[in-house]
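Q: Using only what follows, build the 3D model:
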Amino acid sequence: MTTPRTRVLIVDDEPLARERIRTLLAEEPGFEIVGEAIDGPSGAEAILALHPDLVFLDVQMPGADGFDVIDAVGPDKMPFVVFVTAYDRYALRAFDVHALDYLLKPFDRERFREALERAQVQIERSSETACVSALSVTFAPGHSASRSASLVTREPALSSSSRSRSRSLGVISRTRPFSVTRYADRSTSKGPKRTPRGY
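A: Numbering: from 1, shown residues only. You can find the predicted model right below:
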């Protein structure tokens, strides 16, 4: 099964900066660019419309800075963020809003790839956590075997990228037979055969 690629949005007002990120991402088969934005307001709109997994976000932009973008989108809807800026004075504030990384322009290929690897680990971990949370609800006390099986089969609470990723991790596929075979084993198991008295 093909592993889904990480969806990336680039938000930067500098054409050369966007081109640099675009060029480096082209060398990474696990990532795809789903859009670009040239200022803060359009960046916030693109995040809400495209639902990327990762955003390369400039700090100083026309209309709204990178932190304004995060406020406009909201922390519950904000994807993972790697800040890209020429100024190091925003670093502490960047990590206050839980940015994954902080790239100082100009950066080389090695430093960029380091940020990508960090992002990929966090995205996969987040997807796995979402799968486990969904399954913990499915197998909560009070759910019958048939009800549990139907909940696992439907899977609508997860996004398409999360479902594909969870299948590649084997989370869904391992739990489906578990919910059937374990109950079946309990119902069909027999104790040791006893010999009637008198024989």
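Q: quick one: average pLDDT of the one helix or strand residue 69 maps to?
A: Element membership for residue 69 (DSSP states H and E) is helix 66-73. On average, the pLDDT along helix 66-73 is 97.
Q: Give me the buried stretch members for it, please.
A: 66, 67, 68, 69, 70, 72, 73 (16 or more other Cβ atoms under 10 Å). (C-beta placed from N, C-alpha, C; glycine too.)
Q: So which elements touch it?
A: Under the contact definition 3 or more Cβ pairs under 8 Å, 6 or more residues apart in numbering; DSSP states H and E, helix 66-73 sits against helix 40-50, strand 54-58, strand 80-85.
Q: for the longest one, what is the average pLDDT?
A: Over the span of helix 40-50, the pLDDT mean works out to 98.
Q: report the angle between the axes of it and helix 66-73?
A: Here the directions of helix 40-50 and helix 66-73 differ by 40 degrees (axes from the mean of the first three to the mean of the last three Cα atoms, to 10 degrees).
Q: helices or strands next to helix 40-50 in the packing?
A: Partner elements for helix 40-50 (3+ Cβ pairs under 8 Å, 6+ apart): strand 6-11, strand 31-37, strand 54-58, helix 66-73.
Q: Export those as TSV, with columns for distance to residue 82.
A: As requested, these are exported to TSV (distance: least, Cβ to Cβ, whole Å):
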stretch	distance to residue 82
strand 6-11	9
strand 31-37	12
strand 54-58	5
helix 66-73	11
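Q: Could you list the domains of this structure?
A: As given by automatic domain parsing, the domain ranges for the chain are 6-123, 127-188.
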